[in-house]
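S.K.: Predicted model follows, preceded by the sequence.
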Amino acid sequence: MSNHNTRKPLTLTKLRELHTTREPIAMLTCYDATFAEVLDEAGVDCLLVGDSLGMVVQGHSTTLPVTLDQMVYHTACVARRAPAAWLIADLPFGTYGEGVEQALRSSAALMKAGAQMVKLEGGAWTAPSVRALTERGIPVCAHLGLTPQSVHALGGYRIQGRTEQSAHIIKEHARELADAGAAMLVLELMPTSVAEEVQEAIAEVITIGIGAGPSTSGQVLVLHDMLGLTRGKLPRFVRNFMDGAGSIEAAVRSYVAAVKSRGFPDPNQHGY
Ligand code: KIV
């Protein structure tokens, strides 16, 4: 581990303080030790070992094939070199859908690997697991809007919450997850106005947006997308921070600065 990283470790208490004082939280996905060290030193608040690794690391077209063992492996790699950032790991598809016991078992494996919080996708049906995990001291991040593990049911990677009814459903699910104890909620690919209403409805919960506009407590991007490594057409909310940056560390620092100063996302260019 490098000895010039003097950051104080982020805690859930500190993240709640950032949320309350409205200092935006900068999150990026991360899958290995080298990037973990760079991101941690560059001041990223939270690292997400996302099951997006199925796409950007493994080359699959969805996140569905990712296994719990693979998530444990990547979480341990990141945990070894991220002493300051708050570390969140995704529960992959098929490792919590059977209910509370499966969710507890799978989450324990991620926490033993070094995660400080687990993330799961889905609405009110996940609330019993969110409650059981929270009660047992495992902080939970929920995930609403575009939930990539449901890509086939959703008919593709599409914007969610566009109709009044679907926006209402997102808000109801957010309330149930907050009541169950979710400490954080990722809001993916939805109109800015819907994310705003969700944040208002669950003011106590830290929200992290991706393609959801500027009103959330923080922002997350997939590392490979913001470094301009992903081939093909990218969603329009993604910004390539490598443009003119000169180095990966400079690009990451510029992302952190843009999130903190509310220069990213740009509500005019990226709102839905
Ligand atoms: O897996 C992932 O990278 C994610 C983010 C897109 C939020 O869930």
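M.R.: Happy to help now that I have it. Numbers count the residues shown, from 1 in each chain.

S.K.: Give the closest residue to whatever residue of the chain ends up closest to the ligand in space, chain neighbours not counted.
M.R.: Closest contact between the chain and the ligand, by C-beta to the nearest ligand atom, is at residue 50 (2.4 Å). In this view, the C-beta of every residue, glycine as well, is placed from N, C-alpha and C. Closest residue in space to residue 50, ignoring its immediate chain neighbours: residue 29 at 4.2 Å, by C-beta to C-beta, 6 or more residues apart in numbering.

S.K.: where does that neighbour fall, phi/psi-wise?
M.R.: phi -80, psi 160 (degrees, to the nearest 10).

S.K.: what number of residues lie near it?
M.R.: By other C-beta atoms under 10 Å, the residues close to residue 29 number 26.

S.K.: Next up, the contacts around it.
M.R.: 47-50, 52-53, 56, 220-223 (C-beta atoms under 8 Å, 6 or more residues apart in numbering).

S.K.: if you set the cut-off to 6 Å instead, what comes out?
M.R.: 48, 50, 52, 222-223 (C-beta atoms under 6 Å, 6 or more residues apart in numbering).

S.K.: cool, residue 138 as well?
M.R.: Contacts of residue 138 by C-beta under 6 Å, 6+ apart are residue 107.

S.K.: how does it look with 7 Å?
M.R.: Counting by C-beta atoms under 7 Å, 6 or more residues apart in numbering, residue 138 makes contact with 107, 111, 118.

S.K.: My assumption is that the first one lies in a helix; please confirm.
M.R.: Spelled out, that is residue 107. Yes - according to DSSP: H, G, I helix; E, B strand; the rest coil, residue 107 belongs to a helix.

S.K.: So the residue of the chain closest to the ligand sits against residue 89, correct?
M.R.: No - assessed by C-beta atoms under 7 Å, residue 50 is found out of contact with residue 89, at 8.5 Å.

S.K.: Show me what the helix or strand harbouring residue 38 is packed up against.
M.R.: Per DSSP states H and E, residue 38 falls inside helix 33-41. With contacts taken as 3 or more C-beta pairs under 7 Å, 6 or more residues apart in numbering; DSSP states H and E, helix 33-41 sits against helix 68-79, helix 248-260.

S.K.: can I get those in a markdown table with mean neighbour count and mean pLDDT?
M.R.: Listed next are the helices and strands packed on helix 33-41 as a markdown table, based on neighbours: other C-beta atoms under 10 Å; pLDDT from 0 to 100:
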| stretch | mean neighbour count | mean pLDDT |
| --- | --- | --- |
| helix 68-79 | 20 | 99 |
| helix 248-260 | 20 | 98 |
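
S.K.: List of residues touching the helix holding residue 38?
M.R.: 2, 5, 28, 30, 47, 77-78, 80-85, 223, 248-249, 252.

S.K.: Of those, which qualify as buried by neighbour count?
M.R.: 28, 30, 47, 77-78, 81-85, 223, 248, 252 (16 or more other C-beta atoms under 10 Å).
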